[in-house]
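Undergrad: Structure of the sequence below:
(2 chains)
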There are 2 protein chains.
Amino acid sequence: MKNLLSSAAISVLLATAAVAAEPVPAGLRDTAIELFKPLPSTIPSVKDNKITPEKIALGKALFFDPRISASGVFSCNSCHNVGTGGDDNLETSIGHGWQKGPRNSPTVFNAVFNVAQFWDGRAEDLKAQAKGPVQAGVEMANTPAAVTLTLKSMPDYVAWFKAAFPDEEDPVTFDNFARAIEAFEATLITPAPFDAFLNGDEDAMTVEAKQGLALFMDKGCASCHAGINVGGEGYYPFGLIEKPGADVLPENDKGRFAVTNTADDSYVFRAAPLRNIALTAPYFHSGKVWDLKQAVAVMGTAQLGEELQEEEVELIVAFLNSLTGKMPEISYPVLPAETADTPRPISIIPTSQ
Amino acid sequence: MKNLLSSAAISVLLATAAVAAEPVPAGLRDTAIELFKPLPSTIPSVKDNKITPEKIALGKALFFDPRISASGVFSCNSCHNVGTGGDDNLETSIGHGWQKGPRNSPTVFNAVFNVAQFWDGRAEDLKAQAKGPVQAGVEMANTPAAVTLTLKSMPDYVAWFKAAFPDEEDPVTFDNFARAIEAFEATLITPAPFDAFLNGDEDAMTVEAKQGLALFMDKGCASCHAGINVGGEGYYPFGLIEKPGADVLPENDKGRFAVTNTADDSYVFRAAPLRNIALTAPYFHSGKVWDLKQAVAVMGTAQLGEELQEEEVELIVAFLNSLTGKMPEISYPVLPAETADTPRPISIIPTSQ
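TA: I've put the predicted structure just below:
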């Protein structure tokens, strides 16, 4: 009788067997709560930057304002699109003069909880990060002086900066620009089924997602991807056990080595925070892997030295899907109108680049 | 004693004299209501496209989705930014491969009321317009087939199209894509102080704005810029009396001639709709004039054969400022996540261009 079973039926049996062989372990939540942390229900505080409604409102306007870029084409939201998981769904971002950036754009959602910003952690927080792309020649190609001039040229912005930084004589500065953006970004938090599970609702995740969580911890994924952002907390060599191919791990990008100039930091990157990972393909700093399953498999061989079975990959992906959160509601800001003093957009590409 | 007056004091006297010399004419509103029309309080109906909440919601998502462009970089909102007056504040838009478009991006606000779309009126309505930039090589550089494939690859989009076009077997089409965008754009209406004035609140406009309105009608501006959009209703030669310089009116862009192939239509353009004009510098199809006063002066010489006095220009600008409306509240849409079937972004520039 068994010999007559179709291959489809056998697949079903095998799948059932796989599920039966890996039930949801008792005490899963207790184990998980030691490694992970649910998102808070309130806006987190950030260092040296008291968050106020005025600062958030100003930061939102700045985040969406393309006039922050030299060309007038790109806003923060261009590469950290709040409608598409907080990133741009490109291998690497396209910026000023159609130049391609060197690394995949990370999501802005929950970024406030990362230990530091950028793939190599070179910015200690979001206010330091916000200054980077504005000045990068391949991104916004602008200067702090030009940004400040642009903002000061619009009376509404001047008033909003005064409201956001009421104790300052001359509040329209590049530092405060970055602080306001940080304040807005701190509100971009996406509670997910995984948070509900950690908070005690054991039914918030599917059986497969819970099995995937168990595997995620058992296999060692959580050694690097832990904490409130399921990653984003520390730095690890990409290719700890086995280096992936040069397409996924380009040889000329040595990651954190460029920050610390320490040989040990060659090809070291901040472990990717995995919240909303299902929304933010393509994956890795190179953006070369579009399929989440493939990304999980690459991690298995590169970091764990283990070829994960297809069923294991699928369960882990089920867990990762439980990290897709509820997006914050964001009303599109009405931005101040330019004046005669607003610097004109510059779309030409400097010859030095 | 008069000889001792400072020049500043003389300016004040002159300004007062100018104002006194042109009081607000009696019956101004009665005259205006014959030429202009206030915006409606409800969403206007459009031809062959019943507007429903489902269609508006779908259209909003499509309007903000950069995956409509081949590169994944540009959405409708890139050049018709709802945060900056419904346009992009560039001379001409920057598109695929950093190419510059040929004409200044018109505002999307109140565009539903224009007689036809584009500067040359080559699209009869917004649903026809919506198909243009998607396929233009210098804008989104995409194809209807690729757009449809992209949309069909995301189950949420398929469900949203089904909800928006419930009677159709296969609703995910390029035509319906355009219809949904038209439905959303029909909601982008910005009631202004001028509307309140037309509706009977004579105090809704400043004295200067009312004096400017009187001038606007007396001088003949309203011959072309009339109706609900204070323009956008008909086609007129740019340089009717005197051609402006080739910077403002480039020789190689013959306007509506390209649409009708009629000699009479050389350098003919749709009269610009003037709602929110204070927010949408730079001006004219060439986007070469950044100052609204200068634009009004250019119109005086080019269209009316009259060198307007500075005070007249200022009063007309005061009237134009009363056309700046209340922007609609728009919540940023959460867009569907890509799947394995979603076409990858293509950022290379075709060699044929």
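Undergrad: Could you measure from A:Phe177 over to A:Ile68?
TA: In this view, A:Phe177 and A:Ile68 are 8 Å apart by C-beta to C-beta, to the nearest Å. Any C-beta I mention is one placed from the backbone N, CA and C, and that applies to glycine too.
Undergrad: can you check A:Pro244 too?
TA: As defined by C-beta to C-beta, A:Pro244 lies at a distance of 35 Å from A:Ile68.
Undergrad: between those two, which one's more packed in?
TA: A:Ile68 (23 against 18; other C-beta atoms under 10 Å in any protein chain shown).
Undergrad: Settle this for me: the more buried one is touching A:Leu149, isn't it.
TA: No - A:Ile68 is not in contact with A:Leu149 according to C-beta atoms under 8 Å; the separation is 11.7 Å.
Undergrad: Can you work out which residues contact both of A:Phe177 and A:Ile68?
TA: A:Leu62, A:Val147 (C-beta atoms under 8 Å, 6 or more residues apart in numbering or on different chains).
Undergrad: what are the ranges of the helices in the stretch 1-150 of chain A?
TA: Along the stretch 1-150 of chain A, the segments classed as helices by DSSP state H, counting those that start in this stretch run A:7-21, A:28-35, A:53-64, A:76-79, A:126-135, A:144-152.
Undergrad: Figure out which of those helices is closest to chain B.
TA: helix A:53-64 (5.6 Å; C-beta to the nearest C-beta).
Undergrad: tell me what the closest one is packed against?
TA: Counting contacts by 3 or more C-beta pairs under 8 Å, 6 or more residues apart in numbering or on different chains; DSSP states H and E, helix A:53-64 is packed against helix A:76-79, helix A:155-164, helix A:174-185.
Undergrad: buried stuff in the shortest one?
TA: When neighbours are counted by 16 or more other C-beta atoms under 10 Å in any protein chain shown, the buried residues of helix A:76-79 are found to be A:Cys76, A:Asn77, A:Ser78, A:Cys79.
Undergrad: okay, the residue nearest to A:Met140 when sequence neighbours are not counted: pLDDT?
TA: Ranked by C-beta to C-beta, 6 or more residues apart in numbering or on different chains and with sequence neighbours excluded, the top spatial neighbour of A:Met140 is A:Ser69, at 3.7 Å. Looking at A:Ser69, its pLDDT is 98.
Undergrad: now swap in A:Leu5 and tell me
TA: At A:Leu5, the pLDDT recorded in the model is 45.
Undergrad: one step back: just send the helices of the stretch 1-150 of chain A back as JSON lines, with distance to B:Asp201 too.
TA: Below are the helices of the stretch 1-150 of chain A laid out as JSON lines (distance: least, C-beta to C-beta, whole Å):
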{"stretch": "helix A:7-21", "distance to B:Asp201": "69"}
{"stretch": "helix A:28-35", "distance to B:Asp201": "61"}
{"stretch": "helix A:53-64", "distance to B:Asp201": "29"}
{"stretch": "helix A:76-79", "distance to B:Asp201": "37"}
{"stretch": "helix A:126-135", "distance to B:Asp201": "43"}
{"stretch": "helix A:144-152", "distance to B:Asp201": "34"}
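Undergrad: What's the per-residue pLDDT of A:Phe197 here?
TA: Per-residue pLDDT puts A:Phe197 at 98.
Undergrad: where's it, which helix or strand?
TA: Secondary structure from DSSP states H and E places A:Phe197 in helix A:193-198.
Undergrad: Settle this for me: A:Pro328 is touching A:Thr190, isn't it.
TA: Yes - taking C-beta under 8 Å as the definition, A:Pro328 is a contact partner of A:Thr190 at 7.0 Å.
Undergrad: re earlier: can you redo the buried residues of helix A:76-79 as a markdown table with distance to A:Gly231 and pLDDT?
TA: Shown next, in a markdown table, are the buried residues of helix A:76-79 (distance: C-beta to C-beta, whole Å; pLDDT from 0 to 100):
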| residue | distance to A:Gly231 | pLDDT |
| --- | --- | --- |
| A:Cys76 | 22 | 98 |
| A:Asn77 | 23 | 98 |
| A:Ser78 | 24 | 98 |
| A:Cys79 | 20 | 98 |
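Undergrad: how about the residues you listed in JSON lines, adding distance to chain B?
TA: Putting the buried residues of helix A:76-79 into JSON lines (distance: C-beta to the nearest C-beta, whole Å) gives the following:
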{"residue": "A:Cys76", "distance to chain B": "13"}
{"residue": "A:Asn77", "distance to chain B": "8"}
{"residue": "A:Ser78", "distance to chain B": "7"}
{"residue": "A:Cys79", "distance to chain B": "9"}
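Undergrad: I'd like to know which of those residues is nearest to B:Pro333.
TA: Closest approach between those and B:Pro333, by C-beta to C-beta: A:Asn77, at 12.6 Å.
Undergrad: How about the residue in chain A that chain B sits nearest to, nearest residue that isn't a chain neighbour?
TA: Relative to chain B, the nearest point of chain A is A:Trp98 (3.9 Å; C-beta to the nearest C-beta). With sequence-adjacent residues excluded and distances taken as C-beta to C-beta, 6+ apart, A:Trp98 is closest to B:Trp98, at 3.9 Å.
Undergrad: Cool, thanks, talk later.
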